[in-house]
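Novice: Next comes the sequence, and after it the predicted model I'd like to discuss.
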Number of protein chains: 2
Amino acid sequence: MAILVVGSVGYDTVETPAGSREDALGGSATFFAISSSYFAQVGMVAVVGDDFTADSVDILKAHHVDISGLQTAQGKTFRWAGVYGPEDVNSRETLDTQLNVFADFDPHLSPEHRSLPYLFLANIDPELQLNVLGQMERRPKLVAADTMNFWIDGKLEALTEVVRSVDVLFVDENEVRQFAAPHVGSVNVVKAARFIQDMGPETVIVKRGEHGVIQFMGDSIFAAPAYPLESVVDPTGAGDSFAGGFMGYLAGTGDLSPGAFRRAAVVGSVMGSFAVESFSVERLSALGQAELVARFRDFSHLSQFDGLKDTEMLPWRDGASNL
Amino acid sequence: MAILVVGSVGYDTVETPAGSREDALGGSATFFAISSSYFAQVGMVAVVGDDFTADSVDILKAHHVDISGLQTAQGKTFRWAGVYGPEDVNSRETLDTQLNVFADFDPHLSPEHRSLPYLFLANIDPELQLNVLGQMERRPKLVAADTMNFWIDGKLEALTEVVRSVDVLFVDENEVRQFAAPHVGSVNVVKAARFIQDMGPETVIVKRGEHGVIQFMGDSIFAAPAYPLESVVDPTGAGDSFAGGFMGYLAGTGDLSPGAFRRAAVVGSVMGSFAVESFSVERLSALGQAELVARFRDFSHLSQFDGLKDTEMLPWRDGASNL
């Protein structure tokens, strides 16, 4: 086992221009765990209610997810309901949030989980994220966290401590601006990411939805486009699926070189692109190796170009023949 | 001489979070011509008033732009005034537009211009774009056009004819949606671009500002990120500078292969990134070969990653050792 994820498991009711689903399996830890399972083994710490179905458990088990840390509490599982589009399928409106058993989520890590080398703190209360990090037996090899505007508004102090404590921060484009703008006096994403890097994380990954991601690692910047899909069925879970592919690749290979981080971002993009092709985890949980390989190759082709010859510039400086 | 551009030449008054300029040299044909001049020779057809300065002429001449088609009419040169940001430096508000002599722009091509092999129809009235295309002695090797929402709203029929007649259409992300959504029943950019390709152009280049461009050429899709700048001084002219680098590269090399189109999109991105680093054409008009080469290399590094090994996926399928 390599990665530990702490986050939410729930049931989502979603409406998009492509259709709708009621009470479909979702949650940050769910998308992350299934996505990363294609590359490494993953243990999940989360809480569900006594209405959590055997089918849902089976999906996780089929991906060899270690669910020994999935507590069942009396009451109902976390529920979220939202609607996307139609003008912009990446903008969503939350219709309803029922925390249910998640309201009292108090993660306790098993001795085995405390010593895992890769830790992903999914988007939950930053105080819980810090609590989980504090339970680790030793500093993991790589700690990554995700967050959202809700915590920037409501728990900035704890969130700041989380940011200071992690190696990799996943953050969406608007959130990184919101977080950094008061300090850097600008909404420029490069400045915002540099500001966060200066706080601690060597790597900041700015998620830009259908525009892909931009990864700041040390002084190096890597831009990975999103896979251009003709139909985005349901964007729910795209970010967590990205993070799952990203962390899964790093944990599976054990390679933390800058080159591996770039490949990890592409693997994350691949997994995110599968996630949004269906509702819930329908497509993400049913992938074969051939599909993964084919889409990674498509990604390579998507941004590939050859070098330019120096002689192809400034023809008039040398009186070149192509005038 | 290789490329003919027909478009606007004017003076812009611009305010951005980085500062402001009054009556600075601008216009679609200006940015295009200066940008493309680094790669091929370019002839410009446009109209200016009798207030057009000798300094402005000198900037064009310094780039070996053929201005024999730059008519001077009695009256004032085209003026535009706008303000950008601060929330989003890519969104702008037009404060004032004075067409002046541009209101009666009636392009007449010289015999030499009529036989040029590369033609760029900058963002002007689509009826004028058709008029210019009709004056060409024979079908140029490559015809490209740019447009904007104003013409989608106001001159859809003529614009549709333009789209049917060109090889390459440059269009921004919101405009391509606006143009295609009524036909494809969706705001999906891939579907929108495919719809336009079906009308005629083999290549559709969707401009996404700070998110780069996505180029649809035949069945192939190429995504080029924007250069991540810490400071965007003035976005005016970025699109025309992109088009200038793009067309300049193709005309300069004479290579119209799919690989050349990809490099052309990167050259366009390079030129767009220089354009926005200053007001007006201040930076764009003062580039040296070393800067061009260095930024092209930075671009290559920006989206470069190595292939994935098949053995790095699905470890549990084979009971691989990295579990």
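Specialist: Nice, thanks for sending it over.
Novice: Only C-alpha atoms from now on, for both contacts and neighbour counts.
Specialist: Noted.
Novice: could you pull out the helices for chain A?
Specialist: Counting by DSSP state H, chain A has helices at residues A:28-36, A:54-62, A:111-114, A:126-135, A:149-154, A:156-165, A:173-184, A:189-199, A:238-253, A:258-275, A:289-302.
Novice: Of all those helices, which one is nearest B:Ala181?
Specialist: Checking the helices of chain A against B:Ala181 by C-alpha to C-alpha gives helix A:258-275 as the closest, at 22.4 Å.
Novice: I'd say A:Asp12 and A:Thr94 touch.
Specialist: No: under the criterion of C-alpha atoms under 8 Å, A:Asp12 makes no contact with A:Thr94, lying 10.8 Å away.
Novice: and of the helices of chain A, who's closest to B:Pro117?
Specialist: That would be, of the helices of chain A and by C-alpha to C-alpha, helix A:289-302, which comes in at 29.1 Å.
Novice: Distance from that closest one to the middle of the chain?
Specialist: 19 Å (C-alpha atoms, centre = their mean, to the nearest Å).
Novice: Is chain B within reach of it?
Specialist: Yes: using C-alpha under 8 Å from any C-alpha of the partner chain, helix A:289-302 reaches chain B at A:289, A:293, A:296-297, A:300-302.
Novice: Looking at A:Asp12 and A:Thr94, which is more packed in?
Specialist: Neighbours were counted for A:Asp12 and for A:Thr94 using other C-alpha atoms under 10 Å in any protein chain shown; A:Asp12 has more, 23 against 11.
Novice: Beta-bridge partners for the more buried one, please?
Specialist: When bridges are called by DSSP bridges, A:Asp12 pairs up with A:Ala24, A:Trp80.
Novice: Which pLDDT does the model give it?
Specialist: A:Asp12 carries a pLDDT value of 97.
Novice: and the stretch 151-300 of chain A, which residues reach chain B?
Specialist: Residues of the stretch 151-300 of chain A lying near chain B (C-alpha under 8 Å from any C-alpha): A:186-191, A:211, A:221-225, A:228-231, A:249, A:252-253, A:259, A:262-263, A:289, A:293, A:296-297, A:300.
Novice: Report the buried members of those.
Specialist: A:186-191, A:211, A:221-225, A:228-229, A:231, A:249, A:252-253, A:262-263, A:293, A:296, A:300 (16 or more other C-alpha atoms under 10 Å in any protein chain shown).
Novice: In contact with A:Ser56: list those residues for me.
Specialist: A:Leu25 (C-alpha atoms under 8 Å, 6 or more residues apart in numbering or on different chains).
Novice: Let's see that with 10 Å instead.
Specialist: A:9-11, A:24-26, A:30 (C-alpha atoms under 10 Å, 6 or more residues apart in numbering or on different chains).
Novice: for A:Val162, same thing?
Specialist: Contacts of A:Val162 by C-alpha under 10 Å, 6+ apart are A:121, A:126-130, A:133, A:144-147, A:156, A:169, A:200-201.
Novice: Just the buried residues out of the residues you listed, in ChimeraX syntax.
Specialist: Selection of buried members from the contacts of A:Val162 for ChimeraX, criterion 16+ other C-alpha under 10 Å:
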select /A:121,126,128,129,130,133,144,145,146,147,169,200,201
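Novice: tell me which of the contacts of A:Val162 is nearest to B:Ala73?
Specialist: A:Leu169 (57.8 Å).
Novice: The closest one and A:Val143 touch, don't they?
Specialist: Yes: if you go by C-alpha atoms under 10 Å, A:Leu169 and A:Val143 touch, sitting 8.8 Å apart.
Novice: any residues in contact with both of those two?
Specialist: A:120-121, A:201.
Novice: Mind listing what's buried along the lowest-mean-pLDDT helix or strand in chain A?
Specialist: None of the helices or strands of chain A scores lower by mean pLDDT, DSSP states H and E than helix A:149-154, at a mean of 89. Going by neighbour count (16+ other C-alpha under 10 Å), the buried part of helix A:149-154 is A:149, A:151-152.
Novice: Any chance of JSON lines for these, columns distance to A:Ala103?
Specialist: What follows is these, written out as JSON lines (distance: C-alpha to C-alpha, whole Å):
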{"residue": "A:Asn149", "distance to A:Ala103": "19"}
{"residue": "A:Trp151", "distance to A:Ala103": "15"}
{"residue": "A:Ile152", "distance to A:Ala103": "19"}
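Novice: Run through the stretch 201-323 of chain A and note the low-pLDDT ranges.
Specialist: Where the stretch 201-323 of chain A drops to pLDDT under 70, the residues are A:314-323.
Novice: how does it look with 80?
Specialist: A:308-323 (pLDDT under 80).
Novice: just the stretch 1-150 of chain A next, same as before
Specialist: Looking along the stretch 1-150 of chain A with the criterion set at pLDDT under 80, you get A:1, A:86-91.
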